[in-house]
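Engineer: sequence unknown, structure follows:
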């Protein structure tokens, strides 16, 4: 892959196929309820995309992406909750005009850090900045000290655990284990009826493609290649005069911001936010989505997320008591048989056949959604 | 009446016509009497619910997996038993109940997703489900948006009332006040120490209990401590109890934490046959894990105990054990879950319709005389009138009934003077 253009032609085809799938096929085939479920799955696809950059290319395994998903989601949920807690909606409370959970916890005035969330502009900025800055602080503290690999993964897990405990413990300010429920309107626009769900779906797909293009850009820029080089031979890159830590921090922050956008879209689509998305288990699940899709493939991450979540929903609907075993078996099978996930299956089995069918002269000239140049050098981490 | 039946016949006819010409003779030959007993579907279901001429579908939505499965399994079992019994007795408006079970997986958003699926895709006529307040809070907006009917079994903190929910458990004042009155009178208790898990239900319950102790009983709360869910270290609070020597320890610690709490209490030398302890969170189900020897002597404030001595309960307990095994125990919430399908059946029959709006309107005043707890009636605020009972834990894990209120206690989800 010699050209450092934004995307190669075959990648562009891959993106177009995904676009047709998400924008045309799914909305035509699914009813609003299922489409809303896909919208929920896609919020995780943002996280998976971030993990492709951070883990697949940068080699930084973060087991705490739920933290950023949660921070983004909570920022959005705070705005929506304030709007839903207008004085007329909360007349029955001891203190009308504050969120219901504050009233249950005997808080009588809106805490200072809630006040800016009356503004949508501030909220949108906070959705990206709060997790971004938090990732910057963690990243700077860790990577400048050359903490990496397993230790970094463990620390991100610890952060996820700490944040969950903090949210659950400070329930007067955060809604505790219940989370923030009953979110209703966005600037007076009801987010609950079917037509709103459809609008939100297309808006989300648009955002997802924006993130895909950013990820493509990072990958094809010099930055992306340094990330890959760093993953494979960190010392050589450092000796060449690059500041390894800064690149890692950058990749980590991008992943955090993507996750946060996903979280904010989650709050809008599902209508609530709770600490059950912040902890260790959801964070690991998010890594699994990426692994199933193929951690080196930007589009694979999206397909992987949809597939795993679809399996989760349909298995649990058909076998309410046994589905977790089925899901567990599926993961083990995929990881054992196809270490590079769906993208690996595509690149190894499907793409060559298509190439042969079309009679392409360059059989390995860049699969639709795997990047061979990096796939070959992937370390077994 | 005859007008409605005629309309029903006509549209039933029309539907059959669409299904195929072959069906016509069958419909015209149907004896009129079969419609007299079983009202036509079009008459009892005007909102497109999953009701056919022979079946009606309801949803069961609890956690079958995850950390809450241990608590919610009893509710699932009780609801299935009730549905089976109702079907054996002829069903609802001549239709057998079919249920679709969904797993909330101890995860609140999953509850919301599954509730929506049951209402939107499966068009269930009612949902029996939820256990924790968090799951109910997640499901409530869905129920209100898609106009479903939820029968919620758990005793809970109150401060809620919805057209779309029937609360078959006790709200906080129903559970707490009579128990506090009793222990204040019986034990001459003046000082109380509160220990709870840190979330909305214990906090609200303790807030109500504190107001009652201070304003009504003129007693004193000498300590109030909260522990994170799943916490297992209670030594510091046990030391405080030893220092402050309260007349009553009042606890609403939930789930697995209970096991650690009562074991550490015993290990610290606090003898529950001398030190009064009143819990509102331990049922027969929890004692299964705690062990009877660790909690014997403690008082629990509930509306139902498995050991209740009345004719309904004497039929209910063996039926439950026959279906789910000799070793199962039945706690307060399990019994409340059993009420759900029955109350729904009785309400449907009173309303003469499966329509949610009609059921919501017909619910107040519906009474169930076959309840294992005795007799219950639905209040205008969609909670149940029920008795408060105090039981004392025995070594074998059962409770011995010590006290019950003479009359049914009125549910009061927004108690004045307690907020």
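Structural biologist: Happy to help now that I have it. The structure presented is a predicted model; accordingly, all values stated were derived computationally and were not measured.

Engineer: low pLDDT regions in the chain?
Structural biologist: I went with chain A, as the question did not name one. For chain A, the stretches with pLDDT under 70 are A:1-7, A:359-381.

Engineer: The intended chain is chain B.
Structural biologist: Applying pLDDT under 70 to chain B flags residues B:1-37, B:419.

Engineer: Contact residues of it facing chain A?
Structural biologist: Residues of chain B lying close to chain A by C-beta under 8 Å from any C-beta of the partner chain are B:64-65, B:101-103, B:105, B:107-110, B:112-114, B:116-117, B:120-121, B:133-134, B:137-138, B:140-141, B:145, B:157, B:159, B:198-200, B:203-204, B:207, B:228-229, B:414, B:419. All C-beta spots, glycine's among them, are computed from the backbone N, C-alpha and C.

Engineer: from what I can see residue A:242 touches residue A:227, true?
Structural biologist: No. At 10.5 Å, residue A:242 does not count as touching residue A:227 under the criterion of C-beta atoms under 8 Å.

Engineer: Going by how many neighbours each has, rank these two and give me the top one.
Structural biologist: Taking neighbours as other C-beta atoms under 10 Å in any protein chain shown, residue A:242 and residue A:227 compare with residue A:227 leading, 27 against 15.

Engineer: what's the closest residue to chain B within the stretch 1-150 of chain A in contact with, if anything?
Structural biologist: Closest to chain B within the stretch 1-150 of chain A is residue A:33: 4.5 Å, counting by C-beta to the nearest C-beta. Contact partners of residue A:33, counting by C-beta atoms under 8 Å, 6 or more residues apart in numbering or on different chains, are B:116, B:117, B:120, B:121.

Engineer: Buried ones only from the residues you listed, please, as a ChimeraX command.
Structural biologist: Paste this into ChimeraX to select the buried members of the contacts of residue A:33, with burial taken from 16 or more other C-beta atoms under 10 Å in any protein chain shown:
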select /B:116,117,120
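
Engineer: which one of the contacts of residue A:33 sits closest to chain A?
Structural biologist: Nearest member of the contacts of residue A:33 to chain A, counting by C-beta to the nearest C-beta, is residue B:120, at 4.5 Å.

Engineer: From residue A:310, how far out is that closest one?
Structural biologist: 17 Å (C-beta to C-beta, to the nearest Å).

Engineer: hang on, the earlier thing: among the residues of chain B next to chain A, name the ones in strands.
Structural biologist: Among these, the subset assigned to strands under DSSP state E consists of B:101, B:102, B:103.

Engineer: and which of those residues is nearest to chain A?
Structural biologist: Among those, and counting by C-beta to the nearest C-beta, the member closest to chain A is residue B:103, at 3.9 Å.

Engineer: just checking, the closest one touches residue B:63?
Structural biologist: Yes. With contacts counted by C-beta under 8 Å, residue B:103 reaches residue B:63, the gap being 6.7 Å.

Engineer: Show me which residues of stretch B:334-344 are buried.
Structural biologist: So, applying 16+ other C-beta under 10 Å, buried residues of stretch B:334-344: B:334, B:335, B:336, B:337, B:338, B:339, B:340, B:341, B:342, B:343, B:344.

Engineer: Any chance you could list what contacts that stretch?
Structural biologist: Contact partners of stretch B:334-344, identified using C-beta under 8 Å, 6+ apart, comprise B:58, B:74-79, B:81-83, B:86, B:92, B:97, B:126, B:128, B:149, B:151, B:153-155, B:166, B:168-169, B:283, B:285, B:303-304, B:316, B:320, B:359, B:363, B:366, B:368, B:370-373, B:376, B:378, B:384.

Engineer: go on, stretch B:398-413?
Structural biologist: Contacts of stretch B:398-413 (C-beta under 8 Å, 6+ apart): B:158-161, B:167, B:170-171, B:173-174, B:177-178, B:182, B:186, B:284, B:299-300, B:302, B:305-309, B:375-377, B:379, B:381, B:383-394.

Engineer: Drop anything exposed from the residues you listed.
Structural biologist: Applying 16+ other C-beta under 10 Å to the contacts of stretch B:398-413 flags B:158-161, B:167, B:170-171, B:173-174, B:177-178, B:182, B:284, B:299-300, B:302, B:305-308, B:376-377, B:379, B:381, B:383-393 as buried.

Engineer: Show me the helices in the stretch 51-200 of chain A, by range?
Structural biologist: A:65-84, A:100-104, A:120-143, A:149-169, A:171-174, A:194-220 (DSSP state H, counting those that start in this stretch).

Engineer: Report how many residues lie close to residue B:48.
Structural biologist: So residue B:48, with other C-beta under 10 Å, has 8 neighbours.

Engineer: Show me which residues of the stretch 251-381 of chain A are close to chain B?
Structural biologist: For the stretch 251-381 of chain A, the contact set with chain B under C-beta under 8 Å from any C-beta comprises A:270-272, A:274, A:276-277, A:313, A:316-317, A:320-321, A:323-324.

Engineer: most neighbours, which of these?
Structural biologist: residue A:277 (30 neighbours).

Engineer: domain ranges for chain B?
Structural biologist: Split into domains by automatic domain parsing, chain B comes to B:2-37, B:55-170+B:309-386, B:173-302+B:390-404.

Engineer: Other residues contacting the helix or strand containing residue B:225?
Structural biologist: Under the criterion of DSSP states H and E, residue B:225 resides in strand B:220-227. For strand B:220-227, the external contacting residues (C-beta under 8 Å, 6+ apart) are B:190-198, B:202-203, B:206, B:210, B:213-214, B:234, B:237, B:240-241, B:244, B:246, B:253, B:257.

Engineer: Quickly run through the sheet partners of that strand, with directions.
Structural biologist: When pairing is defined by DSSP bridges, strand B:220-227 lines up against strand B:191-197 (parallel).

Engineer: Residues touching the strand it pairs with, excluding its own?
Structural biologist: Counting by C-beta under 8 Å, 6+ apart, B:202-203, B:205-206, B:209-210, B:213, B:219-229, B:231, B:234, B:237, B:240-241, B:244-255, B:257, B:261, B:281 sit against strand B:191-197.

Engineer: What of stretch A:279-291?
Structural biologist: A:44-45, A:47-48, A:51-52, A:55-56, A:61-67, A:69, A:156-157, A:160-161, A:164, A:259, A:276, A:301, A:304-305, A:308-309, A:331, A:334-335, A:341.

Engineer: Derive a PyMOL selection command for the buried subset of those.
Structural biologist: Selection of the buried residues among the contacts of stretch A:279-291 in PyMOL, burial being defined by 16+ other C-beta under 10 Å:
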select buried, chain A and resi 44+45+47+48+51+52+55+56+61+62+63+64+65+66+67+69+156+157+160+161+164+259+276+301+304+305+308+309+334+341
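
Engineer: Return the most buried member of the domains of chain B.
Structural biologist: domain B:55-170+B:309-386 (a mean of 22; mean count of other C-beta atoms under 10 Å in any protein chain shown).

Engineer: what's whichever strand or helix holds residue A:15 packed up against?
Structural biologist: Using DSSP H and E, residue A:15 sits in helix A:9-20. Using 3 or more C-beta pairs under 8 Å, 6 or more residues apart in numbering or on different chains; DSSP states H and E, the elements in contact with helix A:9-20 are helix A:194-220, helix A:298-318.

Engineer: Deepest-packed of these, please.
Structural biologist: Mean neighbour counts were taken over those using mean count of other C-beta under 10 Å, and the top value, a mean of 22, falls to helix A:298-318.

Engineer: Check chain A and tell me which residue is nearest its centre.
Structural biologist: Most central in chain A under C-alpha atoms, centre = their mean is residue A:47, positioned 1.3 Å from the mean C-alpha point.
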